[in-house]
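Colleague: Provided below are the primary sequence and the corresponding predicted coordinates.
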Amino acid sequence: MWAEVSEIFESVQGEGIFVGVRQVFIRFAKCNLRCNYCDTPKEAEFCKDRINDVVLKNPVSVEYVSELIESVRVHSVSLTGGEPLIYADFIRKLKKSKPFYLESNMSLPENAKKIKGLVDIVAGDFKVRECLNGYDYDEIVDRTVRCFRILKNTKKRVTFCKIVLPAKFDMDEVISNAESVKDYVSCFVLQPVFGCENVKTLMDLQKRLMEFKDTRIVPQVHKYMGVR
Ligand code: SF4
């Protein structure tokens with residue numbers, strides 16, 4: 001089994017409620033969405049293995065990635081992207097020597113089903129309309145709710161919902177979206193798009209979401225630290 005992976009590296013988790021934990025990041029290439037704030041390259045001819053300092057031609061094998069995961073001492077394995085759920089079949093074949101932390105845009109429910117028994121932590125996005133130009137937003141919302149239902153928070157899995165917020169957004173729509181997944185998540189994380197923090201608006205939104213669920217404001221800490 002093979003997958004297109006753009007890079008593999010060790011760093012600290014810079015987002016969400018596990019901020020600061022040491023992870024090995026498996027950054028898969030390709031994404032099924034095009035968010036207007038995205039700074040992640042989507043295509044990758046090569047995989048940069050920054051742990052062994054080698055560059056491989058894509059695709060890379062599940063055995064190679066499994067061995068790398070086994071070789072590092074970390075809290076968990078961040079399956080990130082791009083969109084890792086594109087590679088659900090590959091993830092199913094990975095040797096699980098560490099807890100799996102899935103970072104997903106939550107828009108591929110059929111693929112989410114394939115790995116629902118495998119992931120220990122889910123950092124799932126709920127995209128706001130303002131970040132997705134040219135999409136059928138209702139369709140995205142429907143798929144997102146289905147993904148959260150499949151990968152919901154349980155005694156064995158921590159699932160939280162991350163909402164990346166641009167400078168301007170429809171607060172009522174964000175609240176309505178959040179209500180539709182509130183029973184599937186442990187909490188909400190409001191993450192401002194890097195560089196456009198609107199603290200007052202974020203705190204107003206936090207107060208309203210707190211009426212039905214724990215909600216935290218967590219900016220991207222790794223960018224302040226200047227690390228990957
Ligand atoms: S879902 Fe993530 S990787 Fe895909 S376009 Fe949006 S921000 Fe970029």
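Modeller: Received, thanks. Numbering: from 1, shown residues only.
Colleague: excluding its backbone neighbours, what's nearest the residue nearest the centre of the chain?
Modeller: What sits nearest the mean C-alpha location of the chain, by Cα atoms, centre = their mean, is residue 103, with 2.1 Å. Once flanking residues are discounted, residue 103 sits nearest to residue 80: 4.2 Å by Cβ to Cβ, 6 or more residues apart in numbering. For every residue, glycine as well, the C-beta is placed using N, CA and C.
Colleague: could you list every residue that touches that neighbour?
Modeller: For residue 80, the contacting residues are 25-28, 103, by Cβ atoms under 8 Å, 6 or more residues apart in numbering.
Colleague: again, only using 10 Å
Modeller: 6-7, 13, 15, 23, 25-28, 40, 101-104, 123 (Cβ atoms under 10 Å, 6 or more residues apart in numbering).
Colleague: pLDDT check: weakest of the residues you listed?
Modeller: Lowest model confidence among those falls on residue 40, which carries 83.
Colleague: Identify all contacting residues around the one helix or strand in the chain whose mean pLDDT sits lowest.
Modeller: Lowest on mean pLDDT, DSSP states H and E among the helices and strands of the chain sits helix 221-225, with a mean of 78. Contacts with helix 221-225, where a contact means Cβ under 10 Å, 6+ apart, come from 11-16, 19-20, 39, 194-195, 227-228.
Colleague: which other residues reach stretch 45-65?
Modeller: Against stretch 45-65 from outside (Cβ under 10 Å, 6+ apart): 1-11, 24-29, 43-44, 67-69, 71-72, 77, 87, 89-95, 228.
Colleague: now the end-to-end length of that stretch.
Modeller: 17 Å (Cα to Cα, to the nearest Å).
Colleague: Which neighbouring elements make contact with the lengthiest helix in the chain?
Modeller: Longest helix of the chain, by residue count under DSSP state H: helix 137-150. The criterion is 3 or more Cβ pairs under 10 Å, 6 or more residues apart in numbering; DSSP states H and E, and the helices and strands that helix 137-150 contacts are helix 109-114, strand 121-125, strand 158-165, helix 171-181.
Colleague: please redo it, this time with the cut-off set to 7 Å
Modeller: helix 109-114, helix 171-181 (3 or more Cβ pairs under 7 Å, 6 or more residues apart in numbering; DSSP states H and E).
Colleague: quick one: stretch 94-111 to chain centroid distance?
Modeller: The chain centroid and the centroid of stretch 94-111 are separated by 9 Å under Cα atoms, centre = their mean, to the nearest Å.
Colleague: so the residue nearest to residue 103 bridges to which residues?
Modeller: Note on residue 80: beta-bridge partners by DSSP bridges are residue 27.
Colleague: That one and residue 174, how far apart?
Modeller: 23 Å (Cβ to Cβ, to the nearest Å).
Colleague: now residue 160
Modeller: For residue 160 relative to residue 174 (Cβ to Cβ), the value is 15 Å.
Colleague: Residue 102 contacts residue 84, correct?
Modeller: Yes. Residue 102 is in contact with residue 84 according to Cβ atoms under 7 Å; the separation is 6.3 Å.
Colleague: For residue 21, which non-adjacent residue is spatially closest?
Modeller: Per Cβ to Cβ, 6+ apart, closest to residue 21 is residue 75, 4.0 Å.
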